[in-house]
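[1] Here is a sequence together with a model predicted from it:
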Amino acid sequence: MNRPIGNGGCWGRQLLCWGKVVCLMGWVVLELGEAWAEEARLETFSQEKPAVSEPSGAEPTGQAPLFLLREEPGGDEDSGPTSGGQSGAVRTSEPAADSGGEVSEAASAVPNGQPPSLEAGRSGPAEDFGGGGADPTPPSANDHPPTPSPARTAEGENSQSDRRGQDTPPSGAQQAASAAAKETPEPEQAVRGIQGPRDLLALFGMDESHFRRLTDGAPLASGEEEQVLKLLFRSVEFPLEQLERWAHRQVNLKELAGASAQKRGEVYWLSGRLEKMEICQPAPEAAERFMMDKYYCCHLLLEPSGQPAIAYVRTVPRTWLENPPASERAGLLGFFLKTTSADPARPRPMFVAHRIAWYPAGLLGDLGMDVGLLDEVVDRQTILPEERETFYQLLAAMRRAKAQEVFQAARHQAQKQGVEADSVVGLFKEPALHRGRLVLLRGAARKVVRVEVPDPDIRSRFGMDHYYEISLFTPDSEGNPLFVCVPALPPGMPTGEGIQYVEEVEVAAFFLKSWSYRVPPPDSVPPEKRSDMIVWKRQAPLLIGVRPIWYPRPQTSPHTVAAAVAGLLFVAAGVGLWWALWRAHRADREFRRRFFSQTAGQTTASILVF
């Protein structure tokens, strides 16, 4: 009958224990929540990315630059995941220690493999923002036709005038020239067993008798023009790998003036300033025979001597035709034919080359990139054979560049526009207006693969056997990928692809073209039906840049499921605490009711007794 009112103290001790448990769980949840928030911040850049499996990307194919073998300071060593390198920073809020050493050896600046697909097929221009859809699936790894012949693509295809001549029905002279070309050995066969450039010229029909027709100490005569035209006609077929091996690095004018007959047909590297350019038109019969309606006479001042020289070339930058050049930096790899001045102190040597390289003022020109090669680029196509040299020269320039200097230039340009990173909308919609432009981009890399260079001439000329292709998604790309080719990766940055692969990177790269690539059928399609399915084509901006800056994830980050479980446990603990308090309050009320009821009965009985 006399139940002690202290029964509520037992419930109090239980509540105290429950409170301690809830506080401990709350502390755990707060710690997990902070780590979860940090992980969510890193994944912000990938929120717009579709959850689709991305097959291996296409491997670029192209040839190397023409004037990139000059002695220059070496760059950073390739520090990709397969080659090791210095250790990078691991702090989440700061980039990995990449800051900008040089990016590679002087002569090794070309991509490893074929520039994103040399497929011969073509697709029409894209109608929408993403070039035919927002499907971000990268190109298939098998999306590459055989690499074009280096001899045919080393200097690009014929000029536009040559193409017009080939589109018209061949005349008798053209048929004769074609027959002569068929009788000439292919470049791959021609270079076998030859010892020098004169042997190569002899195999192409220019023997010693042609050189004896040249007269030193006098300008080019009408009877000597045929030798120039014949050499220009054949120049596109000469393999650059052989010419660069034979080329003389210095032009010894005294030697040319004193022994010009013995030096005819030798190959020289020339660099200097273009003072004047003249357009030359051959006689109608010669123009028809050599399928060449014009060629160009370039007057150069050689560096560092300042001596004058003359070069006859077949191709010049398109900008020079619209705006006559004046004191432009230029260079060429040409054959010496004769001297055009009787003054032994200033012999004014004459050379013949397929094209003259243009190194305008600016970052690309300072890096030795022939900017005139950008004239060959065609948007919304695969990498065409004539673009092979452009691709590899640009990648070669990026490999020689100092990454820190390129990033500084890109950031300075972005700051002048009042933005932290450049917009990619123009790269999708108006690629021709942005060609050769330096851009600063930051986003999520959903695929990073190593691409091997299969071409022996590229490996020989540039000493490069691979590069890396990054599939980049930026906040304003609307789920469409951009492809960035770089010569190396930051130390420790992993390669990979697929839904789970996301790495935050910042790139400074030059825009090359709108690249057309193929999208293979989904992996869910049975193998026997994959060959019958349509392979859709997409367009994406293709850029070439220096080694990117990598923002690595935290080393220890809990899984989001653990944080969710901790949150559920906290909620369950709160519900359990509320239920325990409710039960305790209910039991106390029942005890009070019974106690006071019994006490009241006893009091009434006592009153009645008295």
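    Cool, the structure landed. It should be emphasised that the depicted structure is a prediction, and the values quoted were computed from it without experimental measurement.
[2] hang on, residue 506 in a strand?
    Yes - assessed with DSSP: H, G, I helix; E, B strand; the rest coil, residue 506 lies in a strand.
[3] residues in contact with residue 484?
    Applying CB atoms under 8 Å, 6 or more residues apart in numbering, we find residue 484 in contact with 441, 469-470, 472, 507, 509, 543-545, 548. All C-beta spots, glycine's among them, are computed from the backbone N, C-alpha and C.
[4] which one of these is nearest residue 209?
    residue 544 (45.8 Å; CB to CB).
[5] after the helix or strand encompassing the closest one, next one along is what?
    Using DSSP states H and E, residue 544 falls within strand 536-545. If you walk from strand 536-545 toward the C-terminus, the next helix or strand you reach (DSSP H and E) is strand 549-551.
[6] Next one, pLDDT for residue 280 please.
    With respect to pLDDT, residue 280 has a value of 94.
[7] from memory it sits against residue 313, does it?
    No - if you go by CB atoms under 8 Å, residue 280 and residue 313 don't touch, sitting 10.2 Å apart.
[8] Those two: which is more packed in?
    residue 313 (22 against 14; other CB atoms under 10 Å).
[9] which residues does the more buried one form a beta bridge with?
    Judged by DSSP bridges, the bridge partners of residue 313 are residue 296, residue 353.
[10] List the residues that contact it.
    By CB under 8 Å, 6+ apart, the neighbours of residue 313 are 232, 295-296, 298, 332, 334, 352-356.
[11] wait, which of those is closest to residue 571?
    For those, the residue nearest residue 571 by CB to CB is residue 355; the value is 72.5 Å.
[12] The spatially closest residue to that closest one that is not a sequence neighbour: how many residues sit nearby?
    Excluding the flanking residues, the one nearest residue 355 by CB to CB, 6 or more residues apart in numbering is residue 315, at 4.0 Å. Counted by other CB under 10 Å, the residues lying close to residue 315 total 26.
[13] What's the separation between residue 315 and residue 333?
    13 Å (CB to CB, to the nearest Å).
[14] Just the CA atoms of the strand holding residue 544, as PDB, please.
    What follows is strand 536-545, C-alpha atoms only, in PDB (Å, rounded to 0.1, in the frame of the first residue of the first chain):
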ATOM      1  CA  TRP A 536      25.900   8.000 -84.200                       C
ATOM      2  CA  LYS A 537      28.300  10.900 -84.600                       C
ATOM      3  CA  ARG A 538      28.800  13.800 -82.200                       C
ATOM      4  CA  GLN A 539      30.900  17.000 -82.200                       C
ATOM      5  CA  ALA A 540      33.000  18.200 -79.300                       C
ATOM      6  CA  PRO A 541      35.700  20.800 -78.900                       C
ATOM      7  CA  LEU A 542      39.200  19.500 -79.200                       C
ATOM      8  CA  LEU A 543      41.900  21.400 -77.300                       C
ATOM      9  CA  ILE A 544      45.600  20.800 -76.800                       C
ATOM     10  CA  GLY A 545      47.200  22.100 -73.600                       C
END
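[15] List the buried residues of it.
    537-545 (16 or more other CB atoms under 10 Å).
[16] cool, stretch 340-356 as well?
    Neighbour-count burial for stretch 340-356 flags 340-341, 347-356 (criterion: 16+ other CB under 10 Å).
[17] First-to-last residue distance for that stretch?
    With CA to CA, to the nearest Å as the measure, stretch 340-356 spans 20 Å from end to end.
[18] pLDDT (mean, whole number) over that stretch?
    Summarised as a single mean, pLDDT over stretch 340-356 is 91.
[19] Check stretch 297-317 too.
    Across stretch 297-317, the average pLDDT comes to 93.
[20] mind listing what's buried in that stretch?
    297-298, 300, 302, 307-317.
[21] Next: stretch 478-492.
    Result for stretch 478-492 [16+ other CB under 10 Å]: buried residues 478, 480-492.
[22] okay, that stretch in CSV with CA atoms only?
    What follows is stretch 478-492, C-alpha atoms only, in CSV (Å, rounded to 0.1, in the frame of the first residue of the first chain):
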residue,chain,number,x,y,z
GLU,A,478,25.4,21.3,-70.4
GLY,A,479,26.5,17.7,-70.1
ASN,A,480,28.6,17.8,-73.3
PRO,A,481,32.2,16.7,-73.1
LEU,A,482,35.3,18.6,-74.2
PHE,A,483,38.4,16.6,-75.2
VAL,A,484,41.7,17.9,-74.0
CYS,A,485,45.0,16.3,-75.1
VAL,A,486,48.0,16.9,-72.9
PRO,A,487,51.6,15.6,-73.0
ALA,A,488,51.7,14.6,-69.3
LEU,A,489,49.6,14.4,-66.1
PRO,A,490,50.4,15.8,-62.6
PRO,A,491,52.3,13.4,-60.3
GLY,A,492,50.0,10.8,-58.7
